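Asks: what follows is a predicted structure for the sequence shown.
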Amino acid sequence: MEKGTQDELRRLTALGLHHRCAQGDLARVAALTLEINRRKKERGAVVCAHVYQAPDIILGIGDLVGDSYKLADDCRKTSAAEIIFCGVHFMAETAKILNPSKRVYVPSKNAGCSLSEGITAADVRRLKAEHPGLPVVTYINTSAEVKAESDCIVTSANASKILRRLYEKHKALIFVPDRFMGANLAKELGKTPGKDIFLWNATCVVHEKFDPALIEVYRKRYPGLVALAHAECPSELIKAVDFMGGTGDMMRYVESTNAAAYLLVTECGFGELAKLRFPEKNFIAMCRLCPYMKSITLDSVLALLKAPAAVEVTVPADIAARAKVAIDKMFELAA
Ligand code: SF4
């Protein structure tokens, strides 16, 4: 083995990646991360890695790591010439909207999202016609075309705060596309769906399937357990847990508390990262894989670096300009 690969193997081991790879696999990972990091540096590219990505991507090649909000914010501040987005397509589109002069790539053509695919710009236009004058608040998990029809974008990290601020000026609003998140926010803010908040019916294929009955089973088995769930989960599940939030909120909650055990009800990549960040804490597995997020691998990132044009993300200028107004509104109201 070459010295460079040996050093990379040591670096990945120090990051704790050996806990999730057999030695032969870690050597293969090290060869890939070494080459990806070299090529990325040559191109002046930065790798954004969402917390639902696998740890070999987050720790091995990620430069900017976080939830949708943090990555959008990081992307608008980066001075890198190119952005490689290890996340799903709508995230890469958001990065492109915020950086129109930069090249943005997503390493898989299958990195969609059931929420983003669950609503179109025509659907939003129809909702606006049905509820004239109401602001359209749109979860970031949507296409650029849908964002362009919106007044303000939110992420799970700031939705509650932004909705509160909008309700100071508006009696009612339209929230799309996640019906579970919309219902959870309505409950938190004391609003009534169909009266103060009008929802769409898309769902996340990962978070909609968790079984609320299992939370009680885990509580009995692990005394002192604290259950945390993502805001995309159905309300029945949210009722059964101790904390609801976005992934950034969940990570901060884990960091600042000292429970006997944590049940993380979200995509599996988040739990893997939490285990690596807090090896002294006890995490109980109740997770599901997102097929879209997990369509990205180190091999697909290397393939991108060899033939980037095939996976470049583009957004028509008129759509990008209108979508940016709604995204900028989020940064203003979330500040
Ligand atoms: S976890 Fe759900 S919301 Fe996130 S990318 Fe996958 S399908 Fe979309």
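Replies: Cool, the structure landed. Given the structure is predicted, the values throughout are model-derived calculations rather than measurements.
Asks: burial check on the residue of the stretch 51-200 of the chain found nearest the ligand, number of neighbours?
Replies: Of all residues in the stretch 51-200 of the chain, C113 sits closest to the ligand, at 3.2 Å by Cβ to the nearest ligand atom. For glycine as for every other residue, the C-beta is placed from the backbone atoms N, C-alpha and C. Counted by other Cβ atoms under 10 Å, the residues lying close to C113 total 22.
Asks: pull the contacting residues for the closest residue to it other than its chain neighbours.
Replies: Residue nearest to C113 in three dimensions, not counting chain neighbours: V88, with 4.8 Å by Cβ to Cβ, 6 or more residues apart in numbering. Under the criterion of Cβ atoms under 8 Å, 6 or more residues apart in numbering, the neighbours of V88 are 50, 106, 111-113, 116, 292-293.
Asks: circling back to that earlier point, am I right that the residue of the stretch 51-200 of the chain closest to the ligand sits in a helix?
Replies: No: counting by DSSP: H, G, I helix; E, B strand; the rest coil, C113 is not found in a helix; it is coil.
Asks: for K96, see how far away it is.
Replies: 16 Å (Cβ to Cβ, to the nearest Å).
Asks: can you check A122 too?
Replies: As defined by Cβ to Cβ, A122 lies at a distance of 22 Å from K96.
Asks: how about the residues of this structure by the ligand?
Replies: 88, 113-115, 141, 204-206, 232, 267, 290, 292-293 (Cβ under 6 Å from any ligand atom).
Asks: give me the subset of those residues lying in helices.
Replies: Using DSSP state H, no member of those falls in helices.
Asks: can you pull the contacts of I84?
Replies: Applying Cβ under 8 Å, 6+ apart, the residues near I84 are 40, 45-48, 105-107, 301, 304-305.
Asks: Three-state assignment for it, please.
Replies: At I84, secondary structure determined by three-state DSSP is strand.
Asks: before we move on, what about K169?
Replies: Applying three-state DSSP: K169 is coil.
Asks: separation between it and R11?
Replies: The value you get for K169 to R11, if Cβ to Cβ is used, is 51 Å.
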